[in-house]
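Chemist: Structure here, sequence nowhere to be found:
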């Protein structure tokens, strides 16, 4: 029964991009290939990337459990392209589009606790076009130095439904985690089972 719930509404997605490197001495083109699957309760994504002749593999995995007005979300991110690897767990109270709670973050062989806030919105424009936007903010304070840090994850997506199973997506994803900023803007395809 649990497996059936996890696999319901499973969506496979992919995207590909290529470009000429900014360094004229490098003859191999830069590229990024993304594959993944997701639904409301889980997400797995892997990127294979070559940038300035260096190859990287980036992973992101999370699961979300929603008992009543709460959710618990463990997440693992390994962005070798940004030398950033961490695990985190959000435990939040959610009412409508808003959430607030506790986040534990493990990175660089250290554990941090913090306050987390979020806003999430989905809007159906018509039967073919929809929008999604999400913002999450995290406040971490060091017990040793007393300094505070604000991390942030932003996500916006436009969906154009081609048919019952196939959707064209346009995604903007911005992150600032532990002082490392990165963003992606891409077009991809999603296939829903």
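Modeler: That came in fine, so what should we check first? All values reported here derive from a predicted model rather than from experimental measurement. Numbering: from 1, shown residues only.

Chemist: mind listing what's buried in stretch 91-110?
Modeler: 92, 94, 99, 101, 103, 105 (16 or more other C-beta atoms under 10 Å). (Glycine included, C-beta is placed from N, CA and C.)

Chemist: actually stretch 11-24, not the one I typed
Modeler: For stretch 11-24, by 16+ other C-beta under 10 Å, it's 11, 13, 15.

Chemist: any residues touching that stretch, and which ones?
Modeler: 28-39, 45, 51-53, 169, 186-193 (C-beta atoms under 8 Å, 6 or more residues apart in numbering).

Chemist: Locate the residue of this protein with the greatest distance from its centre.
Modeler: Distance to the chain centre peaks in the chain at residue 25, reaching 33.3 Å (criterion: C-alpha atoms, centre = their mean).

Chemist: That one: what secondary structure?
Modeler: Here residue 25 is coil, with the state taken from DSSP: H, G, I helix; E, B strand; the rest coil.

Chemist: Can you find the helix or strand in the chain with the smallest mean pLDDT?
Modeler: Ranked by mean pLDDT, DSSP states H and E, the weakest helix or strand in the chain is helix 2-7, scoring a mean of 54.

Chemist: And the residue farthest from the centre of the chain, what's its pLDDT?
Modeler: Predicted confidence (pLDDT) for residue 25: 87.

Chemist: That one and residue 53, how far apart?
Modeler: Distance from residue 25 to residue 53, counting by C-beta to C-beta, to the nearest Å: 9 Å.
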